[in-house]
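# Below: sequence and its predicted model.
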Amino acid sequence: MDERIREVLTGPATLDYFVSRLNRGWKLAAVEWEREAADSTREPAGTIGEEVPYGFKISGDCLHLEQNSGEVQVLLLILEEIVRDRRFSQIADELNLQGLRTRNGSKWTSAAVFDLLPRLIEAGPRLLKSKDWREKRPQIVSRTGASAD
């Protein structure tokens, strides 16, 4: 059975520290990093390099994702406008008219709307079952004559 210890270093880890441990028969099993950061710049464990899917946000405990209601409303509006057979430029104009911004705070463009299509396809089944969509569907169908299913 292996013996394990966990040390909290009070200063920087030096080469001498590691050599000393190795000479006493220890082998390096893990490294844990820590830094002080504002909440907005924090990289939750396991998500380095991964982007949170549009429509979700990292929960307060940083352990799971939860729905981002503002982004879900954007997805629903895009879905509604697609059902109405609107061009991407018209959809971007409508999002901007309603004061909605992209995740990075910029105005919507037709390219930004287009880039959300894979996410919209992925989230589509859940969106179509949502209460918000069920309430909008009769209005969309009556205005377009199209099927919103």
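Received the coordinates, thanks.

# tally of neighbours for residue 57?
Residues near residue 57, counting by other CB atoms under 10 Å, number 15. Where you see a C-beta, it was placed from the backbone N, CA and C, and this is true even at glycine.

# would you say it is within a helix?
No. Counting by DSSP: H, G, I helix; E, B strand; the rest coil, residue 57 is not found in a helix; it is strand.

# what about the closest residue to it other than its chain neighbours, neighbour count?
Ranked by CB to CB, 6 or more residues apart in numbering and with sequence neighbours excluded, the top spatial neighbour of residue 57 is residue 68, at 4.2 Å. Using other CB under 10 Å, residue 68 is surrounded by 18 other residues.

# ditto for residue 31
6.

# Any figure for the gap between it and residue 8?
13 Å (CB to CB, to the nearest Å).

# do the same with residue 87
In this view, residue 87 and residue 8 are 58 Å apart by CB to CB.

# More neighbours: which of the two?
Neighbours per residue, other CB under 10 Å: of residue 87 and residue 8, the larger number sits with residue 87, 12 against 6.

# Give me the neighbour count for the spatially closest residue to the more buried one that is not a sequence neighbour.
Spatial nearest neighbour of residue 87, chain neighbours left out: residue 110 (7.3 Å); criterion: CB to CB, 6+ apart. Counted by other CB under 10 Å, the residues lying close to residue 110 total 14.

# is it true that residue 110 touches residue 94?
No. Applying CB atoms under 8 Å, one finds residue 110 not in contact with residue 94, separated by 11.6 Å.
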